[in-house]
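>>> Prediction below, plus the sequence it came from.
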Amino acid sequence: MVERFQIAAEAVGAIVKRFTTLIDGAGYVTSVTGTTTVAAPTLPPALRRALPDLTLAEPADFAVAGAGISVARAGIAATGSLLLELTDPTDRSATALPPVHLVLLDITTIVPTLADLAGLLAENLNRPSPAYLSLTTGPSRTADIERVLTIGVHGPKELHILMMEGDASWTRD
Amino acid sequence: MDKGLIQQKLDNTFLRRALKNFAAAYPVARAKAFEGMDFEELRVRISGFKEAGLEQLPALVEQFTASAEKAGARVHLCTTPDDANRTILEIIRSKNADFLVKSKAMTSEEIELNHYLERNGVSCLETDLGEWIIQLAGERPSHMVMPAIHKNKEEVAELFSRETGRECPPDIPSLVQTARDSLRSGFLTGQVGMSGANVAMADSGTLGIITNEGNGRLVTTLPRTHIALVGVEKIVPSLTEALDIIEILPKNATGQKITSYVSFIKGPTGDEGRELHIVLLDNGRLRLAADPAFREALKCVKCGACANVCPIYELVGGHVFGHIYVGGIGLVLTPFFHGFDKAEEILKLCIGCRKCNEVCAAKIDIEGLIVDLRDRIRKPFGQKFLFGTLMKNRKLFHAALRTAYLAQKPFQGEGGRIRHLPLVLNRETANRSLPPIAERPFRDLVETGTGTGKSKGEKVLFYSGCLADFVYPEMCRDTVTSLEKLGYTVTFPQEQTCCGIPARYSGEMEVARDMARINTDVLLKEEADYVVTICPTCTMSLKHDFGKLLADDPVYAEKARRLAAKTFNFSELAARKAETGDWRLGTGKVPQTVTYHDACHLKRGCGVHEEPRKVLQELAGVEIAEMTDCDKCCGFGGSYSIKYPEISQEVLKNKLENIAATGAKTVAVDCPGCKLQIEGGLEAAGSPVKVEHSATLVARRIG
């Protein structure tokens, strides 16, 4: 299923990397973000500790941040999609404004198809409180001019998926 | 329809190329997206819950409203476009705003929101790339999913240069970057954002939005007020149904397994003071949902697949083939959303090939609804006489056809074919010659004893159809010969008359109903095992339409059911014999290789496409060299080829190219109409390729 996820995600233009430790994953994040400011309003504490040199952008400056970082709640193998829980608009902006989006995914949360996510989606949507859930599949795209596929319109131009294969329970903290 | 506009689109080489390339690429991408999935099972399920939902739409609206309001959204049910426009303006004004930043919503096009708001001092910014292009051009979408498919990069570059005040080169990636840069400030400064929704869930009050560019997420995130304009028919009971729609829509729309983004939005999110307004648009939908004859149209999920496969859309695009909603379903929805006056002309543009039905995500009988709607539009002068008086009276109708035999004489050329019709018809039929009406129709040949009563097998009543009877009597004779050689006893009931399809397609439903009654009586009078036709349109008529037309008449509804049960196309019955082996190959000459053209009404009207191939290979003993798009319309469409000869000829041109590419010297068909059209095109082009009905090849081959 992990293989299928990777193939499907790469087929729609995502950059997929696999890591066994948090440290390796953090190293990749740093290599992508470089010295730019990063929109990452809700990083898991363990990841934040592993990225001591990260320059976090203020929400008001997300539009000029170089990258955004999020943690996925689940993945769909059939389509290479990521489920993101983005009820807070600040979290949403971090995934929508910067040109680069990095998402960490615990591979144990990958399900075969969209239908297999029904339970998790329903659990979130059937609570009385407001919610905003997002399935993200590859970078933003358009084919509106002469049907030529062009990557990166209003959303991220690059989507990096970090598949965490070891103990990734920290992603849920 | 404005003939000038049609010609203008036909002459637009960019549009033609763009749509032709798309028509070729779409089926491949779509098939790949559905790989490993059961499309039929999925769409049957969607059709089922959509149908059930429409029957209780007011209750779903009520439930959705309660759920969404419980989650903190404000729901406004608007009856008319005016109500919706006013409501949206009031929301914007209540925020002291004069600017609306929008993602794509067909409902907004439907109510012409931008015009209304701009008249009232609110500026609108479309941020979907295609929508922005057409907003800058001051046009309307020509496709539901790809609104600017009719614009080339040079035109886009010109629009962007004018808008940005700097030279934009016609390079697609750089044009996309220009859109990103130019529209950014709109997202960041907009106080009010607008989206549509692809689905709405009644139990939780959640909206589902399916997008690719990322603008939908920005307009629902950055502005503190979000207005969603949603047609009431988008409401489904729960997430379960919504997931089916999310599963099918991108695959059917663009051949994507899923779009880049699918958002589930429940209530206003974020700090205090953020608002979500859901404007539910009725605009005739609730009334339509209560109309059992046409409510099926509201099952539409707006994927646009019906346009993607339409041979007429492929030629003229959405500015001709549609109003605001385009494609097959656009033709159906227009009268209900925008009035019959807007629909009158476009309803006539459908050629009736049923390609749309085959791909519809909600299994809507789009073609059937178009035909039924023609009953409700104004009829051309003289049509009532033609159908009401002439066609209902078989003797008069057949006498008229015999007179036509004499009238055509002056126009017949070498070999008897008609190459030039007089006066105005001349130019438009120049690319196709016509076969003459036969001196003696088949019905006269039978009277003098041609071809019946030679076998003692199961009894077949042969229903030839008018075209075969009066233009191709030899095709009828070959059918009888084939059936007899296959062991059937064949009778031709002399009182049979037109199946009524021309009347039905022209909106004369009462006449069609009368024809259905007459033929049902004629064909049930004599005991027989089968009724066999060689015209797929007649087969479809006898098998499906009669039952539908006579549904309200208990006596005839039962008769129509009995007739339908024993009606078959020639190839279906012949294929059965191919299996029994109860026949032998003769010594007659047939070509070694043929290519096969699937008649629209045989494949999609009757679900028959394997049998003809079996018959050709096993009974006629030929090899089949399949052509590209073998099941795509030839452009005949009955009277369509006379009403819209310019379109018909272009559809035919594609078919002739595909035939030529196979190298086959014979095209086999199972439809006299397709034979007339294709043969006429080949003949006018000076091609030596012949067109033969399967029955002719079988008659020649078996002993």
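Structure received.
>>> Excluding chain neighbours, what is closest to A:A96?
Sequence neighbours aside, B:R217 is the residue nearest to A:A96 in space, at 4.8 Å (criterion: C-beta to C-beta, 6 or more residues apart in numbering or on different chains). C-beta: built from backbone N, CA, C; applies to glycine.
>>> mind checking pLDDT for the one you found?
B:R217 carries a pLDDT value of 96.
>>> what's the burial count for it?
30 (other C-beta atoms under 10 Å in any protein chain shown).
>>> That one against A:T136, yeah?
No - B:R217 is not in contact with A:T136 according to C-beta atoms under 8 Å; the separation is 9.2 Å.
>>> Need the overlap of contacts for those two.
Residues touching both B:R217 and A:T136 (C-beta atoms under 8 Å, 6 or more residues apart in numbering or on different chains): A:T95, B:Y261.
>>> residue contacts, the residue nearest to A:A96?
By C-beta under 8 Å, 6+ apart, the neighbours of B:R217 are A:R92, A:T95, A:A96, A:S134, A:G155, B:T211, B:Y261, B:S263.
>>> swap the cut-off to 7 Å and go again
A:R92, A:A96, A:S134, A:G155, B:Y261, B:S263 (C-beta atoms under 7 Å, 6 or more residues apart in numbering or on different chains).
>>> Looking at those residues, spot the one nearest B:G138.
A:G155 (27.5 Å; C-beta to C-beta).
>>> pretty sure that closest one is touching A:S140, no?
Yes - contact criterion C-beta atoms under 7 Å: A:G155 and A:S140 qualify, at 3.1 Å.
>>> Give me the common contacts of the two.
B:E213, B:G214.
>>> tally of neighbours for residue 32?
Picking chain A for this. 18.
>>> The chain in question should be chain B.
12.
>>> any idea how far it lies from chain A?
Distance of B:K32 to chain A, computed by C-beta to the nearest C-beta, to the nearest Å: 10 Å.
>>> so that residue is in which element?
Using DSSP states H and E, B:K32 sits in helix B:13-33.
>>> Just list what that helix packs against, helices and strands only.
helix B:239-254, helix B:313-316 (3 or more C-beta pairs under 7 Å, 6 or more residues apart in numbering or on different chains; DSSP states H and E).
>>> Tell me what angle it forms with helix B:239-254.
140 degrees (axes from the mean of the first three to the mean of the last three C-alpha atoms, to 10 degrees).
>>> Which positions in helix B:13-33 come out as buried?
Across helix B:13-33, burial judged by 16 or more other C-beta atoms under 10 Å in any protein chain shown covers B:L15, B:R16, B:A18, B:L19, B:F22, B:A23, B:Y26, B:R30, B:A33.
>>> pLDDT and distance to B:F39 added to those, as TSV?
Formatted as TSV, the buried residues of helix B:13-33 follow (pLDDT from 0 to 100; distance: C-beta to C-beta, whole Å):
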residue	pLDDT	distance to B:F39
B:L15	90	29
B:R16	91	29
B:A18	89	26
B:L19	90	24
B:F22	89	20
B:A23	90	19
B:Y26	93	14
B:R30	95	9
B:A33	94	10
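>>> which of these lies closest to B:A289?
Nearest member of the buried residues of helix B:13-33 to B:A289, counting by C-beta to C-beta, is B:R30, at 28.9 Å.
>>> Confirm for me that the closest one is in contact with B:K251.
Yes - applying C-beta under 7 Å as the test, B:R30 and B:K251 come out as touching, 6.5 Å apart.
>>> Grab the nearest non-local neighbour of B:E474.
Here the residue nearest B:E474, using C-beta to C-beta, 6+ apart, is B:T696, at 7.5 Å.
>>> who wins for most neighbours among the contacts of B:R217?
Result: A:A96 is most packed of the contacts of B:R217 (other C-beta under 10 Å), 30 neighbours.
>>> For B:E358, which non-adjacent residue is closest in space?
Per C-beta to C-beta, 6+ apart, closest to B:E358 is B:R604, 5.6 Å.
>>> List the contacts of the helix or strand containing the one you found.
Assigned by DSSP H and E, B:R604 belongs to helix B:600-606. Helix B:600-606 is contacted from outside by B:353-354, B:357-358, B:536-537, B:539-540, B:543, B:569, B:608-609, B:631, B:633, B:670-671, using C-beta under 7 Å, 6+ apart.
>>> The residue nearest to B:E623 when sequence neighbours are not counted and B:S694, how far apart?
Using C-beta to C-beta, 6+ apart and skipping the chain neighbours, the partner closest in space to B:E623 is B:T593 (4.7 Å). B:T593 is 15 Å from B:S694, where distance means C-beta to C-beta, to the nearest Å.
>>> Who has more neighbours out of those two?
Between B:T593 and B:S694, counted using other C-beta under 10 Å, the more crowded position is B:S694 (30 against 13).
>>> Spit out the contact partners of that one.
Neighbouring residues of B:S694 by C-beta under 7 Å, 6+ apart: B:F570, B:S571, B:P612, B:V615, B:L616, B:A620, B:A668, B:D670.
>>> In terms of model confidence, name the weakest of those residues.
If you rank the contacts of B:S694 by pLDDT, B:A620 sits at the bottom with 90.
>>> Quick check: it vs chain A, distance?
42 Å.
>>> pLDDT wise, what is the residue nearest to that residue when sequence neighbours are not counted at?
Of all residues not flanking B:A620 in the chain, B:L697 sits nearest, at 3.9 Å (C-beta to C-beta, 6+ apart). B:L697 is assigned 94 on the pLDDT scale.
>>> which element is B:L697 on?
helix B:694-701.
>>> Name the residues of that helix that come out as buried.
In helix B:694-701, counting by 16+ other C-beta under 10 Å, buried: B:S694, B:A695, B:T696, B:L697, B:V698, B:A699, B:R700, B:R701.
>>> Tell me, please, the helix or strand in chain B that averages the lowest pLDDT.
None of the helices or strands of chain B scores lower by mean pLDDT, DSSP states H and E than helix B:425-428, at a mean of 47.
>>> how long is stretch B:458-467 end to end?
26 Å (C-alpha to C-alpha, to the nearest Å).
>>> Residues in contact with that stretch: which ones?
Under C-beta under 7 Å, 6+ apart, the answer for stretch B:458-467 is B:442, B:476, B:479-480, B:483, B:488-493, B:496, B:498-499, B:523, B:526, B:528-535, B:538, B:542, B:672-673, B:676.
>>> Closest residue of chain A to chain B?
A:G155 (2.3 Å; C-beta to the nearest C-beta).
>>> Next one: that residue relative to B:D171, how far apart?
Distance from A:G155 to B:D171, by C-beta to C-beta: 21 Å.
>>> Please apply the same query to B:M146.
Applying C-beta to C-beta to B:M146 and B:D171 gives a distance of 19 Å.
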